[in-house]
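1. 3D model of this:
(one chain, ligands or ions: 1)
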Amino acid sequence: MSIKNIEAIRMDFPVLHQKVHGKPWVYLDNAASGQKPLPVINAISEYYLKYHSNVHRGVHYMSQLATDKFEAARKTVQHFLNAEHDHEIIWTTGTTEGINLVAATYGRKFLKEGDEILITGMEHHANIVPWQMLCEEKGCVLRVVPVLENGTLDMASFYELFSDKTRFLSVVHVSNALGTLNPVKEMIKHAHSKNIPVLLDGAQSSCHFAIDVQDLDCDFFVFSGHKVFGPTGIGVLYGKTEYLEKMPPYKGGGEMIETVTFEKTTYAGLPFKFEAGTPDIANAIGLAAAMDYIHSIGWDVMEAQEKFLLEYATEEILKIGGIKLYGTSPEKCSVLSFLIEGIHPYDTGTILDKMGIAVRTGHHCAQPLMGRFCIPGTVRASFAFYNTKEEVDALISGLKRIKTMFL
Ligand code: PLP
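-> Predicted coordinates for the structure are as follows:
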């Protein structure tokens, strides 16, 4: 059963109440970015309307108010992730920057020629390219855990790929292209038994269920604000204190220093060592508002609706016939990746758009994964808790029509 107050929840998202090409807009591109509820939009405008000032350096009233709200936002993120300390929360511009930061600081300092970095075959380019850049620079080797036909990881290979040269494990928590929820706790446990640090790419997990970094025991966790119904341009790197403390800074400038002379600079403590320059104050506050909003709805409610939508959509799409699903892991989040046999994904996406239905088509920034399945890309419908059964019905009848148009 879908949740009862869905219409009330949808009222919090003005963007959803529009027409596209004369049809009610059906937004099923949530894996690319989540929509923003009014409390997020209001928190950002309130900052600019009422107390915009730069943070940390000001003695004046508004600067202190802005600083309080900005640092309170960091605490909100700490609670959102159940991190032990607020100084373990580093503001970034998003998942991509978080991974680049770890590769460029931890990687450059602690990895050397011949060391191996382990990732998986279902990574987003953001969790491939920074490691490849590091490999090119340092002579490290990238190892890749293969993906099985149903879109799960080949765990036997995972264990085999660990060697005495493995130095870092970086894994996507939930695949953006397949929806697969990976057995990350098992992977982290194994890596830790060999003293290998683990980074989780949480871009697609942080928007679907509660994250507990202490329970996961990951050493780094990165995600993007815009996927958790917060603003674009802001994200978070969580790192365990023991790692963050021994990592060098990422960028140099104001805010991240303790003292500067022309002879030598000493760096600020955590988290500021990693936050050079004026931070994205408005969007940090907006992100905290998104997290408060999530808690006001409740993960249980959100998860129940998404589970219902995914199960219903999967059942209905398979009834159409001639459609192949990519990613059929029993453990998955609300992503439906598919191809209609004989129809290019771009054609499907373009025609759905004319029907007012927004899906994503293409490689989903996971070209190696598409290569694994020997396809150019898929059509991806991805659901959020504010989506409805009627919207799934619109997708299904759209797909039926497309099939009759082409075949
Ligand atoms: N990792 C995954 C699994 C993603 O889905 C995405 C975005 O789609 C990213 C990383 C990159 O996120 P961003 O572009 O917000 O940095």
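2. ok, Ala268 touching Glu258?
-> Yes - using Cβ atoms under 8 Å, Ala268 makes contact with Glu258 at a distance of 5.2 Å. In short, each C-beta sits where N, CA and C put it, glycine included.
3. the more surrounded of the two?
-> For Ala268 and Glu258, the more surrounded residue by other Cβ atoms under 10 Å is Ala268, and the numbers stand at 16 against 11.
4. got a pLDDT number for that one?
-> On pLDDT, Ala268 comes in at 96.
5. who are the neighbours in contact with it?
-> Glu255, Met256, Ile257, Glu258 (Cβ atoms under 8 Å, 6 or more residues apart in numbering).
6. Over to Leu339?
-> Ile323, Lys324, Tyr326, Pro345, Thr348, Ile375, Thr378, Val379.
7. can you check Leu16 too?
-> Arg10, Trp25, Tyr27, Gln35, Tyr386.
8. any idea of the mean pLDDT for stretch 141-154?
-> pLDDT averaged over stretch 141-154 gives 98.
9. Tell me how far the residue nearest the centre of the chain lies from Ala8.
-> The chain has Ala203 as the residue nearest its centroid, 0.9 Å off, counting by Cα atoms, centre = their mean. Applying Cβ to Cβ, to the nearest Å, one obtains 28 Å for the distance of Ala203 from Ala8.
10. and Lys185, how many neighbours does it have?
-> 12.
11. what about it, distance to Asp217?
-> 8 Å.
12. Please convert the contacts of Leu339 to JSON lines, extending it with neighbour count, pLDDT and distance to the ligand.
-> What follows is those, written out as JSON lines (neighbours: other Cβ atoms under 10 Å; pLDDT from 0 to 100; distance: Cβ to the nearest ligand atom, whole Å):
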{"residue": "Ile323", "neighbour count": "18", "pLDDT": "97", "distance to the ligand": "23"}
{"residue": "Lys324", "neighbour count": "14", "pLDDT": "98", "distance to the ligand": "22"}
{"residue": "Tyr326", "neighbour count": "26", "pLDDT": "98", "distance to the ligand": "15"}
{"residue": "Pro345", "neighbour count": "22", "pLDDT": "97", "distance to the ligand": "17"}
{"residue": "Thr348", "neighbour count": "23", "pLDDT": "98", "distance to the ligand": "20"}
{"residue": "Ile375", "neighbour count": "15", "pLDDT": "97", "distance to the ligand": "18"}
{"residue": "Thr378", "neighbour count": "30", "pLDDT": "98", "distance to the ligand": "14"}
{"residue": "Val379", "neighbour count": "27", "pLDDT": "98", "distance to the ligand": "16"}
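13. Type out the PyMOL command that picks the buried ones from the contacts of Ala268.
-> The PyMOL selection below is limited to those of the contacts of Ala268 classed as buried (16 or more other Cβ atoms under 10 Å):
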select buried, resi 255+256+257
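14. Next, format the contacts of Ala268 as TSV and append pLDDT, secondary structure and distance to Met155.
-> Shown next, in TSV, are those (pLDDT from 0 to 100; DSSP: H, G, I helix; E, B strand; the rest coil; distance: Cβ to Cβ, whole Å):
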residue	pLDDT	secondary structure	distance to Met155
Glu255	93	coil	43
Met256	96	coil	40
Ile257	95	strand	45
Glu258	96	strand	45
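15. which of the contacts of Ala268 come close to the ligand?
-> Near the ligand, taking Cβ under 6 Å from any ligand atom as the test, no member of the contacts of Ala268 is found.
16. still on that earlier bit, out of the contacts of Leu339, name the ones that lie in strands.
-> Ile323, Lys324, Tyr326, Thr378, Val379 (DSSP state E).
17. In the sheet, which residues pair with the third one? Tell me.
-> Put plainly, it is Tyr326. Beta-bridge pairing for Tyr326 (DSSP bridges): Ser337.
18. so what's it up against?
-> By Cβ under 8 Å, 6+ apart, the neighbours of Tyr326 are Gly151, Ala177, Leu178, Ser337, Phe338, Leu339, Phe373, Ile375, Thr378.
19. which among the residues you listed gets closest to the ligand?
-> Of all those, Ala177 has the smallest distance to the ligand: 8.1 Å, by Cβ to the nearest ligand atom.
20. Next up, the contacts around that closest one.
-> So Ala177 contacts 122, 124, 326-327, 335, 337, 363-364, 366, 369-370, 378, 380 (Cβ under 8 Å, 6+ apart).
21. The ligand: which of these is nearest?
-> Of the contacts of Ala177, the one sitting nearest to the ligand (Cβ to the nearest ligand atom) turns out to be His124, at 3.4 Å.
22. so who does the closest one touch?
-> His124 touches Thr95, Val172, Asn176, Ala177, Asp201, Ala203, His364, Cys365, Ala366, counting by Cβ under 8 Å, 6+ apart.
23. OK, contacts around the closest residue to it other than its chain neighbours?
-> Spatial nearest neighbour of His124, chain neighbours left out: Cys365 (5.0 Å); criterion: Cβ to Cβ, 6 or more residues apart in numbering. With contact taken as Cβ under 8 Å, 6+ apart, Cys365 is in contact with His124, His125, Ala126, Asn176.
24. Considering those residues, which possesses the most neighbours?
-> Asn176 leads these on contacts (other Cβ under 10 Å) with 27 neighbours.
25. any idea where the strands of the stretch 151-300 of the chain begin and end?
-> 166-172, 198-201, 220-224, 235-239, 257-260, 265-267 (DSSP state E, counting those that start in this stretch).
26. among those strands, which is nearest Ile99?
-> strand 220-224 (5.8 Å; Cβ to Cβ).
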